[in-house]
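Engineer: Quick one, what's the 3D model for this:
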Amino acid sequence: MSKFLNPTDLVKLSNMKLRAKVVVDGFIAGLHDSALKGLSLDFAEHREYVPGDELKYLDWKILGRTDRYYIKQYKEESTLTSYILLDISLSMGYGSKLFTKLQYASYLTASLAYLMLRQQDKVGLILFNENIAEYIPAKSSTSHMGFIMNRLDNIMPIGKTSIWEVLENINSFMKKRGLIILISDLYNDEDKVLRYLKYLNSKKNEIIVFHILDKEELYLSFKEPFIFEGMEDKLKVLALPDMIRYEYKNLIEKFISKYKLTCEKNNIDYVLFNTETPLEYGLLHYLEKRGKLIK
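Structural biologist: Next up is the predicted model:
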């Protein structure tokens, strides 16, 4: 195994639970066995250090700037309840390499679920296309981990996409505010999707959007003339990639920027994953960026 696991390597592993374990245990070990904490903690304020305080909550950045000792205080919840929304629509079935966007998204889903269940948080899974196709209620048991992983092992892309309608109806599954993780290629009405993300955020839910795109969707590096066929509407278009590449890249960049900037403006985490990005590296980079790794 490479240090940062490539999705191609994950395809070779026997089941989703093993894949998730390799990814999660891999990057935890890479941090010198640091415990991953914090997704169930909301930062509240600083207070001055007093003897007996745990040093793991010491704010080293403030110490470096001011030479004074301050402790980070958190608002703790007994457990975090997380809902992973995984897009299983036909567009997620595209893949220019050995694996599809849906396979990559499934590895990411498994890794996040494994990570949170390892922390004894509750995790629920919602598989969706234009509707909610399947709902697995949030639990924290060991048997629940096996159930989620087994389900992810057997996912096939099906149906059209309607992300905003799913977001509109998710409240019927949520008993209280929690962490909502959306994993999708986001091919839908951007304005409506963003409107409902902002609404859920306004209800004090924490939201993370993992945007999954294939390398060819980002760069359109094809050389020969192609007949491009829609994954969901089956529309066919004959095109010369060299002639449309510049305009296409402008459009895809605007598409990505709209989600990224709107999410950032509304305190929603947005993370773009190219399916060629080693999964372990992408997760580690994101979690470090969030500042949720207490070493």
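Engineer: Please make it C-alpha for all contacts and neighbour counts, starting now.
Structural biologist: Noted.
Engineer: What helices and strands are in contact with the lengthiest helix in the chain?
Structural biologist: For the chain, the longest helix by residue count, based on DSSP state H, is helix 241-265. If you count contacts as 3 or more C-alpha pairs under 8 Å, 6 or more residues apart in numbering; DSSP states H and E, helix 241-265 packs onto helix 190-202, helix 215-219, strand 269-274.
Engineer: Could you identify which of the ones you listed is most buried?
Structural biologist: Sort the helices and strands packed on helix 241-265 by mean neighbour count, taking mean count of other C-alpha atoms under 10 Å, and strand 269-274 sits at the top with a mean of 19.
Engineer: pLDDT below threshold where in the stretch 151-295 of the chain?
Structural biologist: For the stretch 151-295 of the chain, applying pLDDT under 70 flags the ranges 288, 290-295.
Engineer: The stretch 1-150 of the chain now?
Structural biologist: Counting by pLDDT under 70, the stretch 1-150 of the chain contains low-confidence residues at 1-47, 49-54, 56, 72-79.
Engineer: Let me see the ranges of the helices in it.
Structural biologist: Using DSSP state H, counting those that start in this stretch, the helices of the stretch 1-150 of the chain run over residues 7-12, 16-29, 60-66, 101-118, 142-152.
Engineer: what would the helices and strands packed on helix 241-265 look like in TSV with distance to residue 71?
Structural biologist: Below are these laid out as TSV (distance: least, C-alpha to C-alpha, whole Å):
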stretch	distance to residue 71
helix 190-202	28
helix 215-219	43
strand 269-274	25
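Engineer: For residue 97, find the nearest of these.
Structural biologist: helix 215-219 (9.1 Å; C-alpha to C-alpha).
Engineer: Now the helix or strand following that closest one: buried residues?
Structural biologist: Next along the chain after helix 215-219, taking DSSP states H and E as the criterion, comes strand 226-229. Buried residues in strand 226-229, counted by 16 or more other C-alpha atoms under 10 Å: none are found.
Engineer: Within the sheet, what are the partner strands of strand 226-229, with directions?
Structural biologist: Here strand 226-229 is paired, per DSSP bridges, with strand 236-239 (antiparallel).
Engineer: what's in contact with the partner strand?
Structural biologist: 225, 226, 227, 228, 229, 230 (C-alpha atoms under 8 Å, 6 or more residues apart in numbering).
Engineer: How about stretch 181-189?
Structural biologist: Contacts for stretch 181-189 (C-alpha under 8 Å, 6+ apart): 82-87, 91-92, 101, 105, 109, 161-164, 207-213.
Engineer: and it, how far from the chain's centre?
Structural biologist: Between the centre of stretch 181-189 and the centre of its chain there are 10 Å (C-alpha atoms, centre = their mean, to the nearest Å).
Engineer: And for stretch 106-124?
Structural biologist: Taking C-alpha atoms, centre = their mean, the mean C-alpha location of stretch 106-124 is offset from the chain mean by 11 Å.
Engineer: likewise stretch 88-107?
Structural biologist: Distance, centroid of stretch 88-107 to centroid of chain: 14 Å (C-alpha atoms, centre = their mean).
Engineer: Check stretch 156-175 too.
Structural biologist: That offset, for stretch 156-175, works out to 16 Å (C-alpha atoms, centre = their mean).
Engineer: which residues sit against that stretch?
Structural biologist: 87-93, 102, 128-132, 186-189, 192-193, 196-197, 232.
Engineer: Among those, name the buried ones.
Structural biologist: 87-93, 102, 128-132, 186-187, 192-193, 196-197.
Engineer: Which of those residues fall in strands?
Structural biologist: 87, 128, 132 (DSSP state E).
Engineer: just the residues you listed now: which is nearest residue 276?
Structural biologist: Relative to residue 276, the closest of those is residue 87; by C-alpha to C-alpha it sits at 18.8 Å.
Engineer: tell me which residues form a beta bridge with the closest one?
Structural biologist: On the basis of DSSP bridges, residue 87 is bridged to residue 128.
Engineer: got the contact list for it?
Structural biologist: Counting by C-alpha under 8 Å, 6+ apart, residue 87 makes contact with 102, 127, 128, 129, 161, 183, 184, 185.
Engineer: That's all I had, so thanks and see you.
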